[in-house]
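**Student:** when you get a sec, could you give me coordinates for this:
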Amino acid sequence: MRIRWHGHSCFEIENEKVVVTDPHDGKSIGIRSPNVKGDIVLVSHDHFDHNAVRLIEKGETKVIREPGEHQINDIEIRGIKTYHDEEDGKKRGENIVYIFKTDGLSFCHLGDLGHELSGDLIEKIKPIDFLFIPVGGTFTVGPEEAANIVDEIEPAIAVPMHFKVGGLSLDIKNVQPFLDKYPDEKIHKVGVELDFLKTDLPEETEVWVFSL
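**Tutor:** Numbers count the residues shown, from 1 in each chain. Model prediction:
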């Protein structure tokens, strides 16, 4: 299994199929465009920095933009409606949290989640191996709320996303305020991509930080 970060909220999860989350076009937000073609694309909401499907689709790409249950080959996908803000979508609209399973591993991508999660939704998400969580604030939950969500879901791996990096034009925080919530021994910097096996997963939550 391989995970590669293409910046912002765009990840590539590759095994037999390539799943891509929330593709951006790069130039609109000041970073490099994703260099990947996806078999499955998950779009959490229809904002320009998350919906650039045209750049990464190929002839038989399956694009999911709606909540509900989906099965594509052996990959189970579940989309749950949430909100892009703390006022039930009144400010920035709806957001879809995606949970998917492949090769015995479970993933949850929170998109541009803008609020903390109810106990009912947390129970629908758990248990999870990889949790992709926005941490930059302004348009999403910030460092404090993100850390609370990680503590409640208890994933094996928490992967911060949607934070300030060099060149990014959005006014959001960098990753450090989120990392400050964790002891150094729980934080691992893994570069732009990572190959791993299920046996590599820790028994207690760790934070794996990707970099461009």
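
**Student:** what's the spacing between the spatially closest residue to Ile75 that is not a sequence neighbour and Gly26?
**Tutor:** Residue nearest to Ile75 in three dimensions, not counting chain neighbours: Thr102, with 4.8 Å by CB to CB, 6 or more residues apart in numbering. Glycine gets a C-beta too; all of them are placed from N, C-alpha and C. Distance, Thr102 to Gly26, by CB to CB, to the nearest Å: 26 Å.

**Student:** select the longest helix from the chain.
**Tutor:** Longest helix in the chain by number of residues (criterion: DSSP state H): helix 143-153.

**Student:** elements contacting that one?
**Tutor:** Using 3 or more CB pairs under 8 Å, 6 or more residues apart in numbering; DSSP states H and E, the elements in contact with helix 143-153 are helix 119-125, strand 130-134, helix 176-179.

**Student:** quick one, which of these is nearest to Pro67?
**Tutor:** helix 119-125 (11.7 Å; CB to CB).

**Student:** what are the contacting residues of stretch 46-61?
**Tutor:** 8-9, 20, 22-25, 28-29, 33-34, 36-41, 43-45, 63, 65, 93, 111-112, 170 (CB atoms under 8 Å, 6 or more residues apart in numbering).

**Student:** swap the cut-off to 6 Å and go again
**Tutor:** Stretch 46-61 is contacted from outside by 20, 22-25, 28-29, 34, 36-38, 41, 43-44, 63, using CB atoms under 6 Å, 6 or more residues apart in numbering.

**Student:** and it, what's buried?
**Tutor:** Neighbour-count burial for stretch 46-61 flags 47, 49-53, 55-57 (criterion: 16 or more other CB atoms under 10 Å).

**Student:** then stretch 172-181?
**Tutor:** Result for stretch 172-181 [16+ other CB under 10 Å]: buried residues 172-175, 177-179, 181.

**Student:** how far does that stretch stretch from start to finish?
**Tutor:** 18 Å (CA to CA, to the nearest Å).

**Student:** before we move on, what about stretch 176-185?
**Tutor:** First-to-last distance for stretch 176-185 - CA to CA - comes to 15 Å.

**Student:** next one: stretch 4-17
**Tutor:** Criterion CA to CA; first-to-last residue distance in stretch 4-17 is 14 Å.

**Student:** make 52 the starting number, not 1.
**Tutor:** Fine by me, first position is 52 from now on; the one you just mentioned is stretch 55-68.

**Student:** gap between it and the chain center?
**Tutor:** Put simply, stretch 55-68 sits 9 Å off its chain's centre (CA atoms, centre = their mean, to the nearest Å).
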